[in-house]
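Novice: Turn this into a model:
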Amino acid sequence: MKKYFYFTGLPRAGNTLLSAILNQNPNVYSTGHSFLPDLLFAIKNVEQTSMRFENYPCPTNLKNIYKNIIPNYYSHHNFKYIVERGDWITPYNIQMLNNICPNEIKIVILVRDILEVIKSYVKLCKDNPNYFYNKIYESLDHSTLFTDEIETKVDLIMAKGDYVDTMLYSIHQLKKNNLIKNFLLIDYNDLANNPSKTINKIYNYYGIGKYKHTFGNLKQPFYNDSILGAPMHSIRTKQIKKESNDIQLPETVINKYKHLNKIIYE
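Specialist: The predicted structure follows:
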């Protein structure tokens, strides 16, 4: 019988790398960034807004859909363990997962120093003119801006409701409600600098038997990053090595966002 585990966390924190490492194990299928939470949200939205459902309610039928959607979604993958990357730690998605997960919920949460996350995004902006954050910046009325280009782009990246903000909010809520103890936080630097120890820690948490990884000849997970305008999910396939980053952040950016590390590390 398959077991389903999950990982999520801050972007630019090793999500794609972790998936590539786990996929070296023949018993594991680790996914890219899944849209399954979005699909479940869409179904729930139809349930709550459909006049037909209100006119002719069939809650038991719908419960069958929810109960079987994860096994059906991965029914063609013949692996012992499915490890899905998905946005499962938002308060709404956690509650949804509590209702539908076929086994005990175990989620690895990847974290990274927030200024390193920002620098990684800024480097993507610098190296990829067609990156969607660059396009958003270019679409702004520059006559109304009072911050420089880097700070303005960082503010877009860190905007309320965007992905970084959503993950920070979700981690904050887990800590606030004393739920973070149920999950495993993994720092990007530990994954990049000591992958063997870190992967064993993850295996112990999931309850998966240890596997001798090579941590080389990794397979690049498929993403259609052309829609993003930058190789956001590109990894080093020959060896695991933390990429050097020569981006210098303005003091205004550092002072504005460094305090967010308290959410992650305290």
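Novice: For Asn200, give me phi and psi.
Specialist: phi -60, psi -40 (degrees, to the nearest 10).
Novice: Which pLDDT does the model give it?
Specialist: We have a pLDDT of 97 for Asn200.
Novice: Is the nearest residue to it once chain neighbours are set aside within a helix or a strand, and which one?
Specialist: Excluding the flanking residues, the one nearest Asn200 by CB to CB, 6 or more residues apart in numbering is Lys210, at 6.0 Å. Every C-beta, even on glycine, is put in place using the N, C-alpha and C of the backbone. Using DSSP states H and E, Lys210 maps to neither a helix nor a strand.
Novice: Can you give me the distance of Lys210 to Ile150?
Specialist: 44 Å (CB to CB, to the nearest Å).
Novice: Looking at those two, which one has more neighbours?
Specialist: Of the pair Lys210 and Ile150, Ile150 is the one with more neighbours under other CB atoms under 10 Å, namely 19 against 11.
Novice: I'd guess that one is in a helix, am I close?
Specialist: Yes: under DSSP: H, G, I helix; E, B strand; the rest coil, Ile150 falls within a helix.
Novice: so it touches Thr252, yeah?
Specialist: No: the pair Ile150 / Thr252 is not scored as a contact, 9.1 Å apart, by CB atoms under 8 Å.
Novice: Can you spell out which helices and strands pack onto the helix or strand where Asp155 lies?
Specialist: Assigned by DSSP H and E, Asp155 falls within helix 149-157. Helices and strands touching helix 149-157, by 3 or more CB pairs under 8 Å, 6 or more residues apart in numbering; DSSP states H and E, are helix 114-127, helix 132-139, helix 251-257.
Novice: All the helices of the stretch 101-250 of the chain, in order from the start?
Specialist: 114-127, 132-139, 149-157, 163-176, 188-193, 195-206 (DSSP state H, counting those that start in this stretch).
Novice: Could you pull out the buried residues of the fourth one?
Specialist: Residues of helix 163-176 classed as buried by neighbour count (16 or more other CB atoms under 10 Å): 164, 166-171, 174.
Novice: Then the third one?
Specialist: Of the residues in helix 149-157, those buried under the neighbour-count criterion (16+ other CB under 10 Å) are 150-154, 156-157.
Novice: ditto for the shortest one
Specialist: Buried residues in helix 188-193, defined by neighbour count with 16+ other CB under 10 Å: 188-192.
Novice: who touches that helix?
Specialist: Contacts to helix 188-193, defined as CB atoms under 8 Å, 6 or more residues apart in numbering, come from residues 12-14, 17-18, 110-113, 116, 197-198, 240-242.
Novice: Between those, identify the one with the most neighbours.
Specialist: Tallying neighbours with other CB under 10 Å puts Gly14 at the head of these, with 28 neighbours.
Novice: if I look at it, how far off is Glu104?
Specialist: 24 Å.
Novice: same thing with Ile186?
Specialist: With CB to CB as the criterion, Ile186 and Glu104 are 19 Å apart.
Novice: of these two, who's got more company?
Specialist: Ile186 (23 against 11).
Novice: where does Thr31 land in three-state SS?
Specialist: The assignment at Thr31 comes out as strand when based on three-state DSSP.
Novice: returning to that earlier point: out of the buried residues of helix 188-193, who's nearest Asp225?
Specialist: Tyr188 (19.5 Å; CB to CB).
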